[in-house]
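Trainee: have a look at this prediction, sequence included:
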Amino acid sequence: MEDAETSFPQGFLWGTATAAHQVEGNNTNNDWWEWEHRVDSLCAEPSGDCCDQYHLYPKDIKLIADLGLQAYRFSIEWSRVEPAEGEFSQVALQHYKRVIASCWENGVQPIVTLHHFTTPLWVSTLGGWENPRTADLFARYCAKVAQFMGNDVARWCTINEPNMVSTIGYLVGQFPPGKRSRLARDAVNSVFCDAHAKSRDAVKSFSSAPLGLTLAMAEFQVDVQSADPDEFAMAHAKREQGFDGLETCFLESAIGDDFFGVQTYTRERYNAQGRMKPDPDARLTIMGYEYYPQALEATIRRAYIETRGVPIMVTENGIAVVNDQERIEYVDEALRCILRCIEDGIPVEGYMYWSLLDNFEWAYGYGPTFGLVGVDRETQERHIKPSAHWLGKVAQANALLPLR
Ligand code: GAL
């Protein structure tokens, strides 16, 4: 008999995720490559050969299947498909068609993201995501891809975490183009919302596969010990400022979509002074995030309410740690969050662990190890971690399992 407390609904999709620039290697024609190679680069190291997934994808996809997982979320690199304005590479399109075919041959559903942080250099030269025309250029590229792949794609994600590109790239200045302007960030947010709507229409005219947007979401908490009402109000206001600009139009843009991609790693706490640092004795991950897998419950609930009932897919959740057992504990707790949401009637359709491989973690380089699978970057050998086997067994059981 099935135990309602520990089993997932039939058809719940288990998978793992990557992004082109973080695993493929030598994506030399986008804004990130240029950013990594600046003399005054803020990146720990360049991406280089990465995990050479551009060539090794058949092995990686077989590995996903052998582990017992059912889906692979990866991204198509716009700068490969359209290396110059209006020039579409048939070879690049054929490559991604083979990746998708390889997924199906292995019984793995391909979940394709059309933009994951990287933008072709020629688009950045035109003003990048601050330029309203970028939404149209993006939609044209999406139409090309969708026309070429048609119904071979199981699910589409239009844009990965547009709120991170806008906030970290245009407000904080740590991602390309390195701007620090609230005005620029707000402009980029609205271009991204427009791009989501236009790319959705473009894809939908060629493919009937479910489509959604993904967003970086943290649990936002107010932490005030004092009973002072002013202090309490101030902490709430600071928390609202945390939201401000991070979610703005995005949840609204997703209303009516087929699913919504929640991507959560930790919580953010606020007091009257603003965003708090984690407590001195808090458990931290390699990213410096507080270990807080419970955050997933609040973000799923918020996304479901704010999108007015769009079904949820956890398109990213994971942890960068050295001790693999901590990864298992973290994911187990995150899965319990999903079960509680499902119990309350929220349709959560699947869980994609971030990431399949230890890979290029943007400005942090190769330091943070999120992978279920380690990579020797000299030999490109893959080393399967115990957490990968554990998650594969959980997927096969479609239920929580002991933490081993
Ligand atoms: C997300 C991003 C991924 C990955 C992950 C871990 O924000 O979409 O590309 O880097 O964070 O930090």
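Mentor: It's in.
Trainee: skipping adjacent residues, who's closest to residue 192 in space?
Mentor: Nearest residue to residue 192, sequence neighbours excluded (CB to CB, 6 or more residues apart in numbering): residue 162, at 3.7 Å. (Each C-beta comes from the backbone N, C-alpha and C, glycine too.)
Trainee: show me the contacts for that neighbour.
Mentor: Counting by CB atoms under 8 Å, 6 or more residues apart in numbering, residue 162 touches 188-189, 192-193, 195-196, 213, 215, 250.
Trainee: out of those residues, which one sits closest to the ligand?
Mentor: Nearest to the ligand out of the contacts of residue 162 is residue 215 (CB to the nearest ligand atom; 9.8 Å).
Trainee: give the rounded mean pLDDT of the host helix or strand of the closest one.
Mentor: Under the criterion of DSSP states H and E, residue 215 resides in strand 211-216. Looking at strand 211-216 alone, the average pLDDT works out to 98.
Trainee: tell me which strands it pairs with, and in which orientation.
Mentor: In the sheet, strand 211-216 lines up against strand 155-159 (parallel), strand 259-264 (parallel) (DSSP bridges).
Trainee: could you redo those strands as CSV and give each row mean pLDDT, mean neighbour count and distance to the ligand?
Mentor: Conversion of these to CSV gives the following (pLDDT from 0 to 100; neighbours: other CB atoms under 10 Å; distance: least, CB to the nearest ligand atom, whole Å):
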stretch, mean pLDDT, mean neighbour count, distance to the ligand
strand 155-159, 98, 27, 10
strand 259-264, 98, 27, 6
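Trainee: for residue 181, the count of nearby residues, please.
Mentor: Applying other CB atoms under 10 Å, we find 13 residues neighbouring residue 181.
Trainee: ok, residue 178 next?
Mentor: Other residues near residue 178 number 17, with proximity taken as other CB under 10 Å.
Trainee: and the pLDDT for it?
Mentor: Looking at residue 178, its pLDDT reads 98.
Trainee: can you pull the contacts of the residue nearest to the spatial centre of the chain?
Mentor: Closest to where the C-alpha atoms of the chain average out (CA atoms, centre = their mean) is residue 316, at 4.8 Å. By CB under 8 Å, 6+ apart, the residues touching residue 316 are 17, 214, 261, 263-265, 352, 354.
Trainee: swap in 7 Å and give it another go.
Mentor: Residue 316 makes contact with 17, 263, 352, 354, according to CB atoms under 7 Å, 6 or more residues apart in numbering.
Trainee: in contact with residue 270, which residues?
Mentor: The contact partners of residue 270, by CB under 7 Å, 6+ apart, come to 220, 222-223, 235, 238-239, 242, 276.
Trainee: in which helix or strand does it reside?
Mentor: Assigned by DSSP H and E, residue 270 falls within strand 267-271.
Trainee: partner strands of that strand, with direction?
Mentor: The pairing partners recorded for strand 267-271 under DSSP bridges are strand 219-222 (parallel), strand 274-275 (antiparallel).
Trainee: how about those strands in CSV, adding distance to residue 202, mean neighbour count and mean pLDDT?
Mentor: Shown next, in CSV, are the strands paired with strand 267-271 (distance: least, CB to CB, whole Å; neighbours: other CB atoms under 10 Å; pLDDT from 0 to 100):
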stretch, distance to residue 202, mean neighbour count, mean pLDDT
strand 219-222, 33, 18, 94
strand 274-275, 37, 13, 90
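Trainee: how about CSV for the ones you listed, with distance to residue 206 added?
Mentor: Shown next, in CSV, are these (distance: least, CB to CB, whole Å):
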stretch, distance to residue 206
strand 219-222, 37
strand 274-275, 43
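Trainee: ok, back up a step: let me know the average pLDDT across the strand or helix carrying the residue nearest to the centre of the chain.
Mentor: If you go by DSSP H and E, residue 316 is part of strand 312-317. On average, the pLDDT along strand 312-317 is 99.
Trainee: same check on stretch 50-57?
Mentor: 98.
Trainee: picking up where we left off before, just put the strands paired with strand 211-216 in TSV and tack on distance to residue 81.
Mentor: Formatted as TSV, the strands paired with strand 211-216 follow (distance: least, CB to CB, whole Å):
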stretch	distance to residue 81
strand 155-159	15
strand 259-264	21
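Trainee: now do the SS call for the nearest residue to residue 175 once chain neighbours are set aside.
Mentor: Once flanking residues are discounted, residue 175 sits nearest to residue 169: 3.9 Å by CB to CB, 6+ apart. Following DSSP: H, G, I helix; E, B strand; the rest coil, we place residue 169 in the helix state.
Trainee: show me what contacts residue 169?
Mentor: The contact partners of residue 169, by CB under 7 Å, 6+ apart, come to 175-177, 179.
Trainee: state the pLDDT value of the residue lying closest to residue 17 once chain neighbours are set aside.
Mentor: Excluding the flanking residues, the one nearest residue 17 by CB to CB, 6+ apart is residue 73, at 3.9 Å. Note on residue 73: pLDDT of 99.
Trainee: repeat for residue 231
Mentor: On pLDDT, residue 231 comes in at 86.
Trainee: same deal with residue 1?
Mentor: Reported pLDDT at residue 1 in the predicted model: 41.
Trainee: also the one 10 residues further on?
Mentor: Predicted confidence (pLDDT) at residue 11: the value is 98.
Trainee: roughly how far does it sit from the ligand?
Mentor: To the ligand, residue 11 is 25 Å away according to CB to the nearest ligand atom, to the nearest Å.
Trainee: residue 240 now?
Mentor: Taking CB to the nearest ligand atom as the measure, residue 240 falls 22 Å from the ligand.
Trainee: so that residue sits in a strand?
Mentor: No - assignment of residue 240 by three-state DSSP gives helix, placing it outside any strand.
Trainee: name the helices or strands packed onto the strand or helix carrying residue 338?
Mentor: Using DSSP H and E, residue 338 sits within helix 324-343. When contacts are defined as 3 or more CB pairs under 7 Å, 6 or more residues apart in numbering; DSSP states H and E, helix 324-343 packs onto helix 295-306, strand 348-354, helix 386-397.
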